[in-house]
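[1] model the structure of this input:
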Amino acid sequence: MADYSAPAGAPIWFDLTSSDPDRAAEFYRAIFGWEAEPPRAEFGGYRNFTRNGRRVAGLSPYMPEAGGPTNVWAVYLRTDDAEATARAVQAAGGSIMVPPMPVGDEGTMLVAVDSAGAVIGFWQPDQHHGFSQRGEHGTPYWFESHSTDYAKSIDFYTRVLGARIEDVDTGGDAYGQVFTGDLAYMGIMDAAKILPPGAGSFWQPYVTVDDVAATVARVESLGGSVLMGAEVTPYGTLATVTDPLGAAFSLGHPPAGM
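    Residues are numbered from 1 along each chain as shown. Model prediction:
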């Protein structure tokens, strides 16, 4: 397991908005070993998932009055100045869904829509520092934008994050690794030909598991569904599944020798 502290512009948190948080908590405990902290009334019933006693992801009840989709995972990137990031988002052709908002003494949240239409969050940490583990079962593996307008996505994240984005030869559709400093923490996929007609761009988390095929089978046994079965790639063994309420996420296990 590797300790992790997000630099500015890298993923710092991801959370689930669920129509049945209790059922979701049971499901993710069964497949990842996550424990759910008690709901916090002051934050609308939001809870943190923990693994090994350390926060790893979040869980929010769906609030119809707030609108937006339900049973969906959201990804948050670190910012050290949410107000400046909001301005950068708009200057790069994005829009603001939730303007910078203090969350108690935990930090400041900003939710935006990038120029390709994908919802992306930003988190300016105070007492809540996001996830702090990677590389073992139940901790983050990778984060990825599935973009219906690859050129716009590349331009947007280059401008907003000041990131370096390097093209990867996948032998198929375009793919860019997003670097912060010397390390890539996430990627952007040209998904225009992959997604169904009318589907929008979105961000998706990958969670590390010890055995992708076994986890896929466990997901099915618990009422989830399989969107893409275990597949060996140069970037590890990958799969995409949904929880029993329909929230999609991906699984990953590192390539042999890593």
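
[2] OK, contacts around the closest residue to Pro69 other than its chain neighbours?
    Closest residue in space to Pro69, ignoring its immediate chain neighbours: Thr17 at 7.3 Å, by C-beta to C-beta, 6 or more residues apart in numbering. Glycine gets a C-beta too; all of them are placed from N, C-alpha and C. Going by C-beta atoms under 8 Å, 6 or more residues apart in numbering, Thr17 touches Ser60, Pro61, Tyr62, Gly68, Pro69, Thr70, Asn71, Val72, Ala74.

[3] make it 7 Å
    Going by C-beta atoms under 7 Å, 6 or more residues apart in numbering, Thr17 touches Ser60, Tyr62, Thr70, Val72, Ala74.

[4] of those residues, buried ones?
    Ser60, Tyr62, Thr70, Val72, Ala74 (16 or more other C-beta atoms under 10 Å).

[5] and the first one, what are its bridge partners?
    To tie it back to what came earlier, the one meant is Ser60. Here Ser60 sits in beta bridges with Thr17, going by DSSP bridges.

[6] right, and it touches Tyr46 too?
    Yes - the pair Ser60 / Tyr46 is scored as a contact, 5.0 Å apart, by C-beta atoms under 7 Å.

[7] do you know the pLDDT at the nearest residue to Ile31 once chain neighbours are set aside?
    Counting by C-beta to C-beta, 6+ apart, Ile31 lies nearest to Arg218, which is 5.4 Å off, once chain neighbours are set aside. pLDDT, Arg218: 98.

[8] ok so Arg218 is a helix residue?
    Yes - assessed with DSSP: H, G, I helix; E, B strand; the rest coil, Arg218 lies in a helix.

[9] all strands for the stretch 1-150 of the chain, in order.
    Here the stretch 1-150 of the chain has its strands, by DSSP state E, counting those that start in this stretch, at 2-3, 11-18, 35-36, 47-51, 54-61, 72-78, 95-103, 107-113, 119-125, 133-134, 140-147.

[10] run the chain-centre distance for the helix or strand following the last one.
    So the one you mean is strand 140-147. As assigned by DSSP states H and E, the chain's next helix or strand after strand 140-147 is helix 150-161. How far helix 150-161 lies from its chain's middle: 17 Å, per C-alpha atoms, centre = their mean, to the nearest Å.
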